[in-house]
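Q: Predicted structure and sequence below. I'll ask about it afterward.
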Amino acid sequence: MAEIGLKKRIWGWMSFDWATQPFYTLGLTFVFGPYFAAVSFTYFEAQTTDIEAAKASSQALWFWGQTIAGLFIAFTAPLIGAYADSTGRRMPWIWMFSAIYIAMTTALWFTFPDASTLFLILIAFNIALIAAEFMLIFVNAILPSLGNKDEIGRISGNGAAVGYWGGVLSLFIMLLLLAENDSGKTLIGRDPLFGLDPETREGTRSVGPFIAAWFAVFMIPFFAWVREPRQANRTGGVKEAMADLKQSLVGAVKRRSLLNFLISSMFYRDALNALYSAGGVYATLVLGWSIIQIGIFGIVGAITAAVATQIGGIFDGRYGPKPVIRACCYILIGVTIVIVGMNRTSVFGIIPLPEGSAVPDMVFYFCGAAIGGAGGAIYAASRSMMVRHTHPERPTEAFGLFALSGKATAFLAPFLIGLFSTLTGNAQLGYVPVILLFILGLYLLRYVHPEGDHAQWSKSDVPLP
């Protein structure tokens, strides 16, 4: 019975990835993000005669919103994680942020094509992003209890792969039945379901309620099968949480492998999130793709992510997470260089392309597959590496620090992309800083111990960090 109980806990834990992935696949990257970029471009185009400047302003607005959200998460996530560990309660936080997430994603329905709600929707989207990232902290903190260090990599990889398959399925549903192209038809040439009006883009706008409903349904196994351990119930408060957090931060500075991993992942995860967020926006503004084209691009990337993440989990279990992270960083650096150097008229300004050439489209499809595969594998491997640096009695606080490392500079990539886009007046050149962030992350990774410092916590004479 205990084994069956553990299997249910694992499946319940993995259902979170399935439930939340549509927010990133449909919301951040392939449907809502490009649609928001098109609406905001309409807004800025009405204010200037410079089309490139309007594209750059549209791209910058999208990233300014995420800059503010990233700063908020960076300053609050570690404290919330420490408080949750001090009180021993995580599920109430997940319930609360679930309610916020559902409300804010539903509100995306009101993204009208005339841009009349543009800034309100930008706020709603980024509140949903904050809620999703906070939930992830508490869910990741459960991972160490699901297996030993040799099993964690596989479980993490399988969970992420399950999530990406959820993203694939949700994207198929949106493209086939709801999201319309410029002619008002879905991918299979039908009107959007439920009599949704293509003229006001109701099919595409339904992505918000769709994300909310998907989450509400598929979080049921998580809440039904995942339970907090009895021994986790403690008495604590804000004062105790602050003291614990201070002690953890001081301890992290003294732990060379952990410190370098946190800083390394801070850079490469920030760069990766920027690529995720930018994929659909880039395709809209630089390549001029429609929502349907971007959706197909998303399917290619999501399928690659699902397969590569599971394969990455196997390699993680066999060789550890560090080689997986390193290989993925090299792939993502190469992809970003291609994105910066390619547009409709030339490749790296050296190879001219004839008008109407399909080369940029084919290359970007390949880039999408690479981003999906490498991004999915590096996400799961990073989670596995963090477990190897986690004290078993303070997992939520540890993943709060992990969130801090992921969000402390989460404003940096969006800020730099927005800044470069604004200064150069060119959406394409805005991605140059992303290359540097990947290189910095890869360099610092060399100082991370392949096995982390997890082994020291088995020694009874080692105090809490």
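A: Yep, it's here. Numbers count the residues shown, from 1 in each chain.
Q: from here on, contacts and neighbour counts on C-alpha atoms
A: Will do.
Q: what comes into contact with stretch 356-363?
A: Here stretch 356-363 makes contact (CA atoms under 8 Å, 6 or more residues apart in numbering) with Leu287, Met342, Asn343, Arg344, Leu353.
Q: Next, format these as CSV and append secondary structure.
A: Formatted as CSV, the contacts of stretch 356-363 follow (DSSP: H, G, I helix; E, B strand; the rest coil):
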residue, secondary structure
Leu287, coil
Met342, strand
Asn343, coil
Arg344, coil
Leu353, coil
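Q: List the buried residues in stretch 424-443.
A: Judged by neighbour count using 16 or more other CA atoms under 10 Å, the buried positions of stretch 424-443 are 425-435, 437-442.
Q: Looking at these, which are in helices?
A: Residues of the buried residues of stretch 424-443 located in helices (DSSP state H): Val432, Pro433, Val434, Ile435, Leu437, Phe438, Ile439, Leu440, Gly441, Leu442.
Q: can I assume Ile291 is in contact with Leu178?
A: No. The pair Ile291 and Leu178 does not pass the contact test of CA atoms under 8 Å, sitting 11.2 Å apart.
Q: what are the ranges of the helices in the stretch 51-200 of the chain?
A: Along the stretch 51-200 of the chain, counting by DSSP state H, counting those that start in this stretch, helices occupy 51-87, 91-106, 118-140, 149-173.
Q: Turn those helices into a markdown table, columns for distance to His389, mean pLDDT and mean neighbour count.
A: Shown next, in a markdown table, are these (distance: least, CA to CA, whole Å; pLDDT from 0 to 100; neighbours: other CA atoms under 10 Å):
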| stretch | distance to His389 | mean pLDDT | mean neighbour count |
| --- | --- | --- | --- |
| helix 51-87 | 16 | 77 | 23 |
| helix 91-106 | 23 | 94 | 19 |
| helix 118-140 | 13 | 91 | 21 |
| helix 149-173 | 10 | 79 | 24 |
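Q: To Val217, which of those lies closest?
A: Judged by CA to CA, the one of these that comes nearest to Val217 is helix 91-106, at 11.2 Å.
Q: in the chain, which spans are strands?
A: 346-347, 351-352 (DSSP state E).
Q: Just name the most buried of these.
A: Across these, averaging neighbours per residue (mean count of other CA atoms under 10 Å) puts strand 346-347 on top, at a mean of 17.
Q: so what does that one touch, helix or strand wise?
A: On a contact count with 3 or more CA pairs under 8 Å, 6 or more residues apart in numbering; DSSP states H and E, strand 346-347 meets no helix or strand.
Q: Quick one: distance of that strand to the chain centre.
A: Centre-to-centre, strand 346-347 and its host chain are 30 Å apart (CA atoms, centre = their mean, to the nearest Å).
Q: List of residues touching it?
A: Contacts for strand 346-347 (CA under 8 Å, 6+ apart): Gly341, Pro352, Leu353.
Q: And for stretch 364-374?
A: For stretch 364-374, contacts defined as CA under 8 Å, 6+ apart pick out 275-276, 279, 297-298, 300-309, 328-329, 331-332, 335, 339.
Q: go again using 6 Å as the cut-off
A: Applying CA atoms under 6 Å, 6 or more residues apart in numbering, the set of residues contacting stretch 364-374 from outside is Phe297, Val300, Gly301, Ala302, Thr304, Ala305, Ala308, Cys328, Val335.
Q: Dump those to TSV, plus neighbour count.
A: Listed next are those as TSV, based on neighbours: other CA atoms under 10 Å:
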residue	neighbour count
Phe297	24
Val300	20
Gly301	27
Ala302	28
Thr304	24
Ala305	30
Ala308	23
Cys328	24
Val335	21
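Q: For those, work out which two are farthest apart.
A: Farthest pair in the contacts of stretch 364-374, by CA to CA: Phe297 and Cys328, 19.9 Å.
Q: Pipe the contacts of stretch 364-374 into CSV and attach distance to Ala413 per row.
A: Putting these into CSV (distance: CA to CA, whole Å) gives the following:
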residue, distance to Ala413
Phe297, 23
Val300, 25
Gly301, 21
Ala302, 23
Thr304, 24
Ala305, 22
Ala308, 25
Cys328, 18
Val335, 16
